[in-house]
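# Task: produce atomic coordinates for the following.
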Amino acid sequence: MLPPELPPLPALTRAEGELIDRYLDVADLLGRINPAHHGDTYRGLRAAQALVAKAIELRDALAMMHQRGETELHAPTLARALRVLDGERRTARVTLPAPSDS
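Numbering: from 1, shown residues only. Got it, this is the predicted structure:
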């Protein structure tokens, strides 16, 4: 049996697509650095080092949008794109986990 088909991505400009991709890259790295989750310091260090470059790419994606006259973020459309790309799971690692009962 095949897995359920994902909904299609909404229509995005190239710059919006780049913004979404770079945002998720940064979120993934922040999730690896999050001290509230189990992991080792070396993994967090490597993620922090990579974060610098990804943050620059995110800044550049936003700058490109602005330079092209895309001065507003269309939040509902971008949120749909994030959901299709598993953004809810990927950004959840950035937040604090629910408190344990211990």
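
# which helix is the longest one in this protein?
In the chain, with assignment by DSSP state H, the single longest helix is helix 41-67.

# In that helix, which residues are buried?
44, 47, 50-51, 54, 57-58, 61-62, 65 (16 or more other C-beta atoms under 10 Å). To be clear about C-beta, it is placed using only N, CA and C from the backbone, and glycine gets the same treatment.

# With stretch 17-34 instead?
18-20, 22-34.

# on that earlier part again, for the longest helix of the chain, name the packing helices and strands.
helix 14-33 (3 or more C-beta pairs under 8 Å, 6 or more residues apart in numbering; DSSP states H and E).

# The helix it packs on: how far from the chain's middle?
3 Å (C-alpha atoms, centre = their mean, to the nearest Å).

# which residues touch that helix?
The contact list for helix 14-33, computed with C-beta atoms under 8 Å, 6 or more residues apart in numbering, reads 12, 37, 39, 43-44, 46-48, 50-51, 54-55, 57-58, 60-62, 64-65, 68, 70, 74, 77-78, 81-82, 85, 87, 90-94.

# Now flag whichever of the buried residues of stretch 17-34 is closest to Ser100.
Asn34 (15.9 Å; C-beta to C-beta).

# correct me, but that closest one touches Ala92?
No. Between Asn34 and Ala92 there is no contact under C-beta atoms under 8 Å: 10.2 Å.

# measure the spatially most central residue of the chain to Asp40 for me?
Per C-alpha atoms, centre = their mean, the C-alpha nearest to the average position across the chain is that of Leu24, at 1.7 Å. For Leu24, the distance to Asp40 equals 23 Å [C-beta to C-beta, to the nearest Å].

# cool, Arg22 as well?
From Arg22 to Asp40 the distance is 26 Å (C-beta to C-beta).

# again, but for Asn34
Noted for Asn34: a distance of 13 Å to Asp40, by C-beta to C-beta.

# what do you get for Arg89?
Distance, Arg89 to Asp40, by C-beta to C-beta: 22 Å.

# Show me the shaky parts of this structure.
3, 101-102 (pLDDT under 70).
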